[in-house]
Structure formats: structure tokens, C-alpha cells
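1. pasting the sequence and the predicted model now:
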Amino acid sequence: MVVISDIMVQGAQMLLVLLLAPLLTGFVRKVKARLVRREGASVFQPYRDLLRLMRKEVVLADNASWLFRVTPYVTFAAIWVAAALVPTFATGLLFNWTADLIAIVALLGSARFFLALAGMDVGTSFGGIGSSREVMIAALAEPAMLLMVFCLALVAGSTQLSTVANVLASSYVGLRVSLGMALIALIMVALAENGRIPIDNPATHLELTMVHEAMVLEYSGRHLAMIEFGAFLKLLLYISLIACVFMPWKIAVFGSGTVAAYAIGAGAYLVKLAVAGFLLALFETATAKMRVFRVPQFLGAALMLGLLGTLLLFVSRSF
Amino acid sequence: MMSAVALQMSCVAALLAAAALAIVLSRSRNAAGLIYGMTITISVVATAAAMNWLVRGGPEASALVLPVGLPWLGAHFRLDNLASFFLVVVNFGGAAASLYGLGYGHHETEPHRVLPFFPAFLAGMNLVILADDAFSFLLCWEFMSLASWALVLAHHREPGNAAAGYVYLVMASFGTLALLLAFGLLAGPAGDYGFAAIRAAQHAPGAVGLVLILMLLGAGSKAGLVPLHVWLPLAHPAAPSHVSALMSGVMTKVAIYGFIRVVFDLLGQPAWWMSVIVLFLGAVTAVMGILYAMMEQDLKRLLAYSTIENVGVIFVGLGLALGFQANGLRLAAALAFTAALFHVLNHSLFKSLLFFGAGAVLTSTGERDMDRLGGLIHRMPKTSFAVLVGCVAISALPPFNGFVSEWLMFQAVLQSPDLPQWALKIMVPAVGAALALAAALAAACFVKAYGVTFLGRPRSAPAETAGEVDRYSLTAMFILAALCLFAGILPGLVIDALSPVSIDIVGGRMPVQANEAWLSIVPIADSRSSYNGLLVMVFITICASSAAFFIHRFASRALRRGPAWGCGFSDPVPAAQYSGESFAQPIRRVFGTLAFHARDHVAMPPPGDTRPARLRIELHDLVWERGYRPIAEAVGFSAGWLNRLQFLTIRRYLSLVFATLVTLLLVLAIWS
């Protein structure tokens, strides 16, 4: 019985991230539109987009292989699993220990690997340019991410996200310079990984500076729906990650919590998502996209922040 | 009942017999099938015996003295846990390569140049691992080098191969010289070259440092540590593909075995500064190796460079293990050491698989240049599936095996705050970041390799008309691909099998993984970190198939084929798609200016001129240009100068002899 209820809670989290992801993107788009004094589409527009895309037929390039057709489902599944393993409203769910933070990042890496391959599959220049830039950005983001993980592991003594969240939620950690640096590094990596401004512009097509959108240019119909859905989930994942590590307030602890604690945790989670989404929209409206070859400097700064945070922790555990 | 070491030695003897038989039969039509059949049987027996040894948890070491070699000393051979593990790697690799050779060998134009040396090469590698005194070790090491050198020169008429063989020979003799000096230092004044005596002796700190450096030169040059790697990307691709797989996947591991045997086993308790050197070299090798690979357009050379990267990763693990062990942190040392050995196993699996794939591409198209391939996923579906598995595994992506060893390596890196030395404390996170960089670049590199070779549109006529390869080759590839997945989703089995080795060498072991719930792996403790490849695999499968099912069932399954979107201007020639060089361009811009002094030269004709614009890429191999070429030029210059001594008259020779004699006598007089 216990196992069944555990699985139910875990399943609830999987469905929760699935249902919330388009809403988050819709919310960010709405806020962005309002910030530039446009009316903007409804926050539920992404759901309609997904449904419409799913019902449309797929137009497949003549020489697309099976890999091209399998990739949307594989990447969607990998991102969904990764998103479901990040604590949202409660820590310590049944399968949280399946993968730690490093493994979650690597799962996103698997998704990107297949997407980059699919970009090469049809054999047009758009796919190639998108793939080659995507893997370059990933190569720069991954070391920065690892140093951020290192910083967290030094404070929390673990790379297991539930444990990290519980330790950081406890009062003994408090405000720290090193964690501040890790937070900035993580935000920079998250912007790069999700293809947001200033790295990439999620709203453009057919512009030579684009990365992610060029890679998936050949996709249509239900395949495109899966890829878009994956992108929504990835944004949600990174925001949940930042929320559970750096804003772990009111998050419920699994097993000890009652239904009320879950409800409070879920409510807090929604508030955190809204705040983070608003800040993202604000930041994107206020910044311009940078040239592709400025990205190394941007992510190099993230790497240095992670390294500095780690070294500060070596000097003293109380920084 | 034969002792375990005697069984392994009889396998070696059988391999040597197969080599002799191959000489006799070399011109016969059925020789290939017979010889490869023999090597498969022998390798499988040897693998099974060595695995049995490890699974039984490592009984007492079993030794054997053969009355050959130096008079009164004999040749000592011994089988212990470390040797058994490496015997598994070598013989399993040998069995897979032989199975592949059954099919691939039919395309060999000169089988008599391959067949005798192939079993001899396998025997040589086995003997190095079994050797228990310095003399036998060096002798077998040279035997292994020479056998592989002969295989490198199997196609000696192809351009570049003779030069590759020459560079290999020079580097191999340099490496053996370093090993010879290392063993000379280890033996000390008493002059006992048996490993048991060396292990028991106390070594002076100065000697320990020198031995470490000499081992890094000797074993490191064979394994491919930067900057001693120059021969590797020349020699490994020159050999027939199943031999390339053996050289890259297995022979580099024998070199790593030599390093572990001497530095961990024979030298005794390490000092912490040793790990600094090993970590630094490992990290540089990992990053540089994969950057070289990223710039490469030749499929087999790309794989050879990627071997250099993986050797770097393994050396990082060994360096971490040294550092932890020097400070008595046995659990962390066991974790780092197990990660390194796990990566040894993984690399032997996926690198063999990828070289087999490259061989398959070579057989069916005759091309190694990626920029003349493309679209093979349509014409070689089975090969391309197996190679895809290998690419995912080598890119350290879950749920395959490459990720598990990288993950264990990162977990070991995260243990570094326990180290007391500041140098190590600061260095290890930086090395961890370098590992992450190397892993991400490896993913980029294999997206490029797979994407350009197997995806897209064919760039040449042979790529357009390629066909699937024979079933032996396919079987070998699929067995390796299945093992990559198996070791990735059930890593606990491998970790537990490695525990006797780790107890022997670093005096500790990782927690018993078989007791963990749901077959997870836990490096230190549940609360710190855990990973479950099986569940990740199951979840991804369930999620992907349910998503596909729901969409196909409830939304739409309509599909229409059409031309690719070309913005209204479809490019008619396949040359317009992204090539390997263009794919590498962003990374070349970011890292290449520093690492290779890379420059892009664009020749743009003036308006009205009808000549095409040209892009030329300038890359410099700085290790070769700044390190090796000056040495080669100095050697050439002095040889040219000394050459004059060859054409003197007898009178002058006599006066030279006389002058030398007088000088020596003078020196002697002044000395005493």
C-alpha cells in the first residue's frame, strides 16, 4: 500500500510538470507582451498550439530517416523524466534518488544529443548550423554547470537534489556569498541551455543568429509539438531547479508531510514559478541578444563564478 | 586440475601456435576462417577463466616459473586480481575483434601480412599482463609492440602508412627505453628484477619520483598521453580496422595496466604530489585529445584521437586515486580507482564497436574521409544503429555505460574537499571542470562524426551505392552494443566484480552494490548521491512510448513526404550541406585559436568576377611543430654531419682511434 501511494505521489508530480510547463511558457510570453505594451496571446495559448500541432499531419523531408522520426519522442521523454526527478512541491519522492543533479544534467544532454543529430539528418544547412552552435554552447555550459554542482555539494554534502533542498531549507545555512555566485552561474547556464535572450531568441525563425530554432526547422505536426513541449518542460525544469535549491521555502518533505503540507508546498511552488517567470520576462525585455561568438565570454563568466564560489568555500565553509 | 595461471599461459601458447600455423597456411584460401576461429575459441576460454577468477572474489594469486629467458632466473608469470581484470578486457576485445575479422578478413588483399601477427599480438598483450618480473615484462612489451607494428604496416603501400609505422617504431623504442630505466631504478643495487622483490623493497623518494616520470613516459607514450600521443593517430588508423580496434580499445589498456602495476602496486604507498602530475597530464590529455578529434575529418583518425581523450579520463581517475590513497582516504581512493577501471572496460567496449563501424563503412564505401560520406543510415541500417549506440555511449550519456564511469569520476572529484593539501584542493575542481568540458566536447565530436557520416545526403558516389556488411561483422558490433547498454543499466554488477581488484591495489572497496534497493549504484552513501540506470532507461522507454501511443491513437498519424525546406531556393548539390569542417567551425573559433592557432582565410573575388569564393582553414599541430619537429631536425642535422665520418681514409680512422684513446686515458688520469 505504501509503495502504491508513493508511486501515486510521484505520478502526480510527473503530471504536474507536464500540465504546468505550457502554462509557464504562456505566462512568460504574456508578461513579455505586456511589458512592451502589446496585448499578447492568452496564457493558455501554448496548450492550443500543442493541440493544433498534434492534430496536423507531419510533412517529412524525403530523405529523413527513422532517427528523425524517433528523436521527438526520445527527447521529450528524456526531458520529462529529468523534469519529474527535480523536486517541485515536495522533496524525497519515491524515485528522486534515481538520478542526482549530475545525472539530470546528463539526461538533458542525451536529449540535446539526439536533437542535434536530427538537425543533421535531412542534410540542409539550417539544421547543420543549429546543431553545430547548440553543441558549442553545451560544451561551454557543461563545465560551468559542474562547478555550480560542486559548490552546492560542498555546502550540502550531497548532489542528491532532495538532500540539497532539505539542507538549504534548514536555518543553519543562511545567506552565503558562494551560494550567491552559484545562483548567478546557474541562472546564466539556464539562460544558455534554454536558448533564451541573450544567447538565443526563442521567438525568431530564419535568422542567421538562431540556434535552437534552426536545428528543429524541418519538424512539423506532432513531431514539432513534442519538441516544443520538450522545450517548455526544460524551462520548467530549470526554474524548478533554481526554486528547489535557492528558494526551498515551504517545500514539503515527503513521508512526514500531511496533505495540507503538500498543498502548501504546491502553492509555494506556483508562486515561485510565477515570480521566476516574471523575472525572466523582465530580463529578456531589458536585454538584447548577443552575437554567437560572445557566448563563450558569457558562459566563461559563469564558469569563473562557479570556480570562485568553490574556492571561497575552501577558504571557509561559512562563506 | 590446472592452476589458473597455467591455464592462461596455455591459452597464450595456443595463440602462438595459431600464429605459427598462420605462417604455414598463409597463402591458403581458408586460412582466415581457421585462424580467426582459433583466436575466438582461445580468447573466449581465456575471458571465461579470468572472469571466473574475478567473480570468485579473487583467491590467492597463482604463480608460475618457466625455465626460459635469462639463465638461472627463468621467466616468472603470475595471475592476481588486477591481472585478471585486464585479461578480461584484452581477451574479450580479442574475441570480438576475431569475430569481426571473420567477416572483415575476407576483404583483406594480403592476408599473409595480417594473419600471423594477429594471434601473436593477442599473445603479446596477454603475456605483458601475466609477466611477474621486469625482464619478462619488457620482453613481452616489446613483442607486443613489434607484433602491432607489423600489423600497422599490413597495408604498407598506402600513402602515409610507412611513415606511421616509422613514427610508431621510434616512439615505441623510446617508451621501452623509459620503462627499462624505470625498472633499473626499481631493482636498486641488489639487482633483483622479480616483482615480488621490488614490491617488498623500500624505495628512496627521489627514485620514486623518477620512476613515476619514467612510467609516465614509457607507459604514457603507449597509452597516448599528450604530448607523447603523436604516433597514435597515425598508427591506429593505418592498421586493418579490427586491429585498430584492438590497438585503441585494448593495447592502450595494457599500457595503463603497466602504469597501475608499477605505480600503484610496486612503488608502495604513494606521495600526494605524484597525483598532481598525473591529474594535470590526464586533464590536458582529455581536453586536447577531444579537441584534436573535433578538428579531424578522417573517421578512423577521429576515433584514434578520441582514444587519447579517454586515456586522459582514465589517468584523471588514477591521479585522483593516488591523491586519496596518499592521504589514507581509502573509500574515496577505491571510488576513483573503480571509476578508472570501469572506464577502462567501457572504453574497450565502445571504442572497439566504433572502430568496427568505421571498418564497415570503409569496406562498403572505400572511404574514411567523412566529407565524402553521408546518408549511410539508409543504406547500412544495422551498422548505423550499432554505431549510434557506440556514439551515445562514448559521449557519456545516460543510460549507457560511458555515463556511469564519468559519473563515478565526478563523484570522486566531489570527494576532494577531504584532501588536506591546498594544491590538490584547488586543482581537483578545475580538473573536474576539464572533465565536464571533455565530456561535452566528446558529445559534440560524436554528433559530428555520426551526423556527417551516417546522416544527411550522400556526398559521393560510393556513399550512395553502399550496402550492408556481412553478418559476422554485424554480430560483433551488436554484441558490443548490447554490452554497452548492459553495463550502463546494471553497473552494480561491474562495480562489485571490480571490488577485489580495488582491495588489492588501493586497500579499500566501494560499498557492496548488490544490496542496494532497485539495483541503484551508490558510491559513498545513500544520502550523498545515487544513480539508477535501469530505472532511467525504463522511465524513458515508458514515457516515450506512451507519448507516441497517445498521439498516434488520439491525435493524428497522418504523414506526408515532401522536399526539405530550402527557403525557396533548394540547394541541388549535397556539397551544400554541413560538412565536418563546417560543423567544427564554432568550436574551432572558440578553442582552436588558442589550441591550434587556427585561422580561417576567405578568398572573396571582387564583384563581377566569376571565380568561386574559397575558404581555407589553417590549423597547426603545435605539439608536433614546436616539440617533435625541432627534435627531428636536430637529429637529422647531426646525423648528416656525422655521416661524413663514414667516408674517411684508413689513415684518418686510425688517427681518430688514437685521439680517442689518448682522450680517454687523460680523462682517467685526471679523474683518479
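-> Okay, I see it. Nothing here was measured: the structure is a model prediction, and the numbers come from that model.
2. so what's the closest residue to chain B within the stretch 51-200 of chain A closest to, chain neighbours aside?
-> Taking Cβ to the nearest Cβ as the measure, the point where the stretch 51-200 of chain A comes nearest chain B is A:G128, at 2.4 Å. Where C-beta positions appear, they are placed from N, C-alpha and C, glycine not excepted. The shortest distance from A:G128 to any non-neighbouring residue, by Cβ to Cβ, 6 or more residues apart in numbering or on different chains, is to B:Y578 (2.4 Å).
3. any weak-confidence spans in chain A?
-> A:1, A:171-173, A:205-209, A:254-257, A:317-319 (pLDDT under 70).
4. coming back round to it: ok, the residue nearest to A:G128 touching B:R457?
-> No. Look at B:Y578 against B:R457 with Cβ atoms under 8 Å: they stay out of range, at 10.7 Å.
5. more crowded one of those two?
-> More crowded of B:Y578 and B:R457, by other Cβ atoms under 10 Å in any protein chain shown: B:Y578, with 27 against 22.
6. ok, the more buried one - contacts?
-> A:M120, A:S125, A:G127, A:G128, A:I129, A:S131, A:S132, B:G451, B:V452, B:G456 (Cβ atoms under 8 Å, 6 or more residues apart in numbering or on different chains).
7. so how do I select the buried members of those residues in ChimeraX?
-> Per 16 or more other Cβ atoms under 10 Å in any protein chain shown, the buried members of the contacts of B:Y578 correspond to this ChimeraX selection:
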select /A:120,127,128,129,131,132 /B:451,452,456
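8. ok, so of the contacts of B:Y578, who is nearest A:M304?
-> Proximity of these to A:M304 (Cβ to Cβ) peaks at A:S132, which lies at 25.2 Å.
9. that closest one in helix, strand or coil?
-> At A:S132 the chain is in helix, as set by DSSP: H, G, I helix; E, B strand; the rest coil.
10. that one contacts B:F583, correct?
-> Yes. Under the criterion of Cβ under 8 Å, A:S132 makes contact with B:F583 at 4.5 Å.
11. joint contacts of the two?
-> B:K448.
12. and the contacts of B:Y578 as a markdown table, adding secondary structure and distance to A:V31?
-> Putting the contacts of B:Y578 into a markdown table (DSSP: H, G, I helix; E, B strand; the rest coil; distance: Cβ to Cβ, whole Å) gives the following:
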| residue | secondary structure | distance to A:V31 |
| --- | --- | --- |
| A:M120 | helix | 35 |
| A:S125 | helix | 35 |
| A:G127 | helix | 32 |
| A:G128 | helix | 34 |
| A:I129 | helix | 30 |
| A:S131 | helix | 31 |
| A:S132 | helix | 32 |
| B:G451 | helix | 37 |
| B:V452 | helix | 41 |
| B:G456 | coil | 40 |
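13. need the contacts of B:Y578 in JSON lines (columns: distance to A:F232).
-> Shown next, in JSON lines, are the contacts of B:Y578 (distance: Cβ to Cβ, whole Å):
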{"residue": "A:M120", "distance to A:F232": "24"}
{"residue": "A:S125", "distance to A:F232": "27"}
{"residue": "A:G127", "distance to A:F232": "22"}
{"residue": "A:G128", "distance to A:F232": "25"}
{"residue": "A:I129", "distance to A:F232": "24"}
{"residue": "A:S131", "distance to A:F232": "21"}
{"residue": "A:S132", "distance to A:F232": "25"}
{"residue": "B:G451", "distance to A:F232": "26"}
{"residue": "B:V452", "distance to A:F232": "31"}
{"residue": "B:G456", "distance to A:F232": "29"}
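14. quick one: B:F356 is in a strand?
-> No. Secondary structure of B:F356 (three-state DSSP): helix, not part of a strand.
15. report how many residues lie close to it.
-> Neighbours of B:F356 using other Cβ under 10 Å come to 33.
16. select the longest strand from chain A.
-> strand A:58-61 (DSSP state E).
17. would that one count as contacting chain B?
-> Yes. Using Cβ under 8 Å from any Cβ of the partner chain, a contact is recorded between strand A:58-61 and chain B, made by A:V58, A:V59, A:L60, A:A61.
18. looking at the contacts of B:Y578, which is nearest B:L490?
-> B:G451 (29.9 Å).
19. now do the contacts for the residue nearest to that closest one when sequence neighbours are not counted.
-> Nearest non-adjacent residue to B:G451, counting by Cβ to Cβ, 6+ apart: A:M120, 3.2 Å away. Going by Cβ under 8 Å, 6+ apart, A:M120 touches A:G127, A:G128, A:S131, B:V447, B:Y450, B:G451, B:V452, B:L455, B:G456, B:Y578, B:F583.
20. sounds good, over and out.
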